[in-house]
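Peer 1: predicted coordinates and the sequence they were generated for:
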Amino acid sequence: MKNVLIYGDSNTWGYDSARYVPEADAYQRMNETERWPALVRSLLGPEYHIIEDALNGRTLMWDDPYMPGRNGLKGLQTALDTHAPLDLVVLQLGCNELKDYFNLSAAMIARGMETLVRACGVSYYGYPAPKVLLIAPAPTHPDIAAIRAGSSFGPTAYRKSCELGKLYRAIAEKHGCGFIDCAALGFEINTVDGLHYSRADHAKLAPVVAGKIREMLD
C-alpha cells in the first residue's frame, strides 16, 4: 500500500461557497463525492492510502493574527511524524498569504512553499523521505478585491496569485518534485468570494492529481 498525505488549505478541505447555512452563519464542506482529495482516493483505489489533512485559513509558515493555529510549517512537521512512513506528500497552499496584512510578494510566498518542500525531505524513524507533489493554486477571481470589499484580499491579490504558478514550477524543478498548475486546468473561480473552487473545479483537479500520483509512485 502506498501512503499519500494531501496537505492543504480550504481549497483542499472542500470549502463550499455555494452551500451557505444561515442558521450556522457558515459555509459547509463538500462531501466525499465532491472534494478533490476524496475523489482522488476513489480514483486510485485500495492500493493507495490517502490521508486528508486540510485546514481553512492554513498558511505556509506565517502565524495569522486573526486565525491562530494555522501555521502550515508547524502542522506539516507534526503530520510527517504522525503519518510516517509516507511515500508521497501533496502540497497545495499559498492563497491565504495573498491577504494584505501579510504584506508578502509572490516571490516571498514561493519561498515559504520551498520551506515546506524542504521540510518533507526529513526522514522519520529511518524511513526514506517522501516524494513531493507540488500544486500551484489557481489564480483568484480577477475582481476579488471588489467581490470581497472590506476583506483582507485587496487589489494586489489577483496579480500575485497569477505569479505563483511560474514560481512554484521553478521550486518543483529545483527539488525534483512533481508539479501541477491549477491555472492550466481552466477553473472558474466563483463570484461569491472570488477564492474558492467550485465542485466542477474539484472534479477537474482530481483525475490530474490521481494520474500524477500513479506516475510518481508506480
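Peer 2: Cool, the structure landed.
Peer 1: spatially, what comes nearest to Arg29 if we skip its sequence neighbours?
Peer 2: Distance criterion C-beta to C-beta, 6 or more residues apart in numbering; nearest residue to Arg29, sequence neighbours excluded, is Gly14 at 4.9 Å. Using the backbone N, CA and C atoms, a C-beta is placed for each residue, glycine as well.
Peer 1: burial measure for the one you found, as a count.
Peer 2: 24 (other C-beta atoms under 10 Å).
Peer 1: and for Thr115?
Peer 2: 14.
Peer 1: which residues touch the residue nearest the centre of the chain?
Peer 2: For the chain, the residue nearest the mean C-alpha position is Gln92 (2.2 Å; C-alpha atoms, centre = their mean). Gln92 sits next to Ile6, Tyr7, Gly8, Asp9, Asn11, Thr12, Ile135, Pro137 when contact means C-beta atoms under 8 Å, 6 or more residues apart in numbering.
Peer 1: and the pLDDT at it?
Peer 2: Model confidence at Gln92, given as pLDDT, is 98.
Peer 1: for it, give the beta-bridge partners.
Peer 2: Gly8 (DSSP bridges).
Peer 1: and it, how far from Thr12?
Peer 2: 5 Å (C-beta to C-beta, to the nearest Å).
Peer 1: show me whatever sits in contact with both of the two.
Peer 2: Common neighbours of Gln92 and Thr12 (C-beta under 8 Å, 6+ apart) are Ile6.
Peer 1: what strand or helix carries the residue nearest to Leu39 when sequence neighbours are not counted?
Peer 2: Distance criterion C-beta to C-beta, 6+ apart; nearest residue to Leu39, sequence neighbours excluded, is Ala206 at 3.5 Å. Per DSSP states H and E, Ala206 falls inside helix 199-217.
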